[in-house]
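Colleague: I need the structure of the sequence given here:
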Amino acid sequence: MNVQVCINGFPPFVYRVLLVWQKKEVTEAIQKVAAAYDCKIVEGVLSHQLKQFEIDGNKVVLSVSSPDTRVNDAEFEENEVYAIDIVTSSGDGKPKLLDERQTIIYKRAVDKNYHLKMKASRFIFSEISQKFPIMPFTARAGLGLVECVNHDLLQPYHVLHEKPGDFVAHIEFAVLLMSNGSDRITSHSLQELQPTKTINDDPEIKVWLALGTKTEKKGGGKKKKGGL
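Modeller: Numbers count the residues shown, from 1 in each chain. Modelled structure (predicted):
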C-alpha cells in the first residue's frame, strides 16, 4: 500500500520543483520522498523531455542515481515539456529480465543505421519504418526482429520482474514548464488509501510541498497616458 501512496504523492511535488531546482536536486528529492514511505525508486526508469514526434528527448531526469546510467547535465528551460516517469517498489528497486520472449514492444531508433544482411530483417524493418517511424509498436519475436535489435535499429521495451512478494507502483504524467510556473497537463484519479508511513513529519518535504506552482510576473506594465 505504501508504494501506491508514495506514487500518488509525486505529481504535486515534482511539478512544483522542476523550474526551481537542477535535475540532480530533483533526483535526490524523489529518492528522499520514497524513503519516507520505506520504498525504493526502481532503477533504469527515466523521465524525458518531450518534443513534436519525439517521446524520449535528449534531456533526461533520473529518478534514482546509478553508476550504470549517465545523462547530460543540461538544465530545465522555459517552454519545455517533460514526461515524468517514476516506479516505486517495496523491494530493492532492481528488477531483472527473466525471459526475453516476454518482450513484445519495440521502438525504432531513428538515429541508428545499419545495412541488414538478412532478407527477412530488411523486409520487417522496411514495414516498421513505414508504419511505426517514431512510436512504439507491438511485435512477436522473430528472425527478422533479432538482427534489427542486435544492431540497435530497434529499442526493446523489456518486461522486468521484482522478487516474489514485492509490490511495485508506476506513474507517468506530463509537465509543461512556462515563464509563470509549471502546469501538470495530464492527470489521473487517486485511490483512497491508508498508508503505514507519512511524509507530514518531514520538515524539508513539507517546505517543498508548500512551494507555489506559479510565479509572479515581473513589472506592472506601462501605464496609459492621460484619461482613465
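Colleague: List the buried residues in the lengthiest helix in the chain.
Modeller: Counting residues, the longest helix found in the chain (DSSP state H) is helix 2-17. The neighbour-count criterion (16 or more other CB atoms under 10 Å) identifies 2-11, 13-17 as the buried residues of helix 2-17. Backbone N, C-alpha and C define where each C-beta goes, glycine included.
Colleague: Same question for stretch 68-87.
Modeller: So for stretch 68-87, counting by 16+ other CB under 10 Å, buried means 76, 80-87.
Colleague: Check stretch 179-187 too.
Modeller: For stretch 179-187, burial by neighbour count (16+ other CB under 10 Å) applies to 181-182, 184.
Colleague: How about stretch 142-159?
Modeller: Using 16+ other CB under 10 Å as the test for burial, stretch 142-159 gives 144-145, 147-149, 151, 153-154, 156, 158.
Colleague: Quick check: strands, which of the residues you listed are part of them?
Modeller: Counting by DSSP state E, the members of these that fall within strands are 154, 156.
Colleague: with the buried residues of stretch 142-159 in mind, which one is nearest to residue 168?
Modeller: Proximity of the buried residues of stretch 142-159 to residue 168, judged by CB to CB, is greatest for residue 158, which lies at 14.7 Å.
Colleague: Can you identify the element that follows the helix or strand harbouring residue 30 toward the C-terminus?
Modeller: Taking DSSP states H and E as the criterion, the element that holds residue 30 is helix 23-36. Per DSSP H and E, the first helix or strand lying C-terminal to helix 23-36 is strand 40-41.
Colleague: Contacts made by the very next helix or strand once past that following strand with the rest, please.
Modeller: As assigned by DSSP H and E, the chain's next helix or strand after strand 40-41 is strand 46-50. By CB atoms under 8 Å, 6 or more residues apart in numbering, the residues outside strand 46-50 that reach it are 55-63, 69, 71, 80-86, 174.
Colleague: what about strand 46-50, average pLDDT?
Modeller: Rounded to a whole number, the mean pLDDT of strand 46-50 is 91.
Colleague: list the buried ones in it?
Modeller: By neighbour count with 16+ other CB under 10 Å, strand 46-50 contains the buried residues 47-50.
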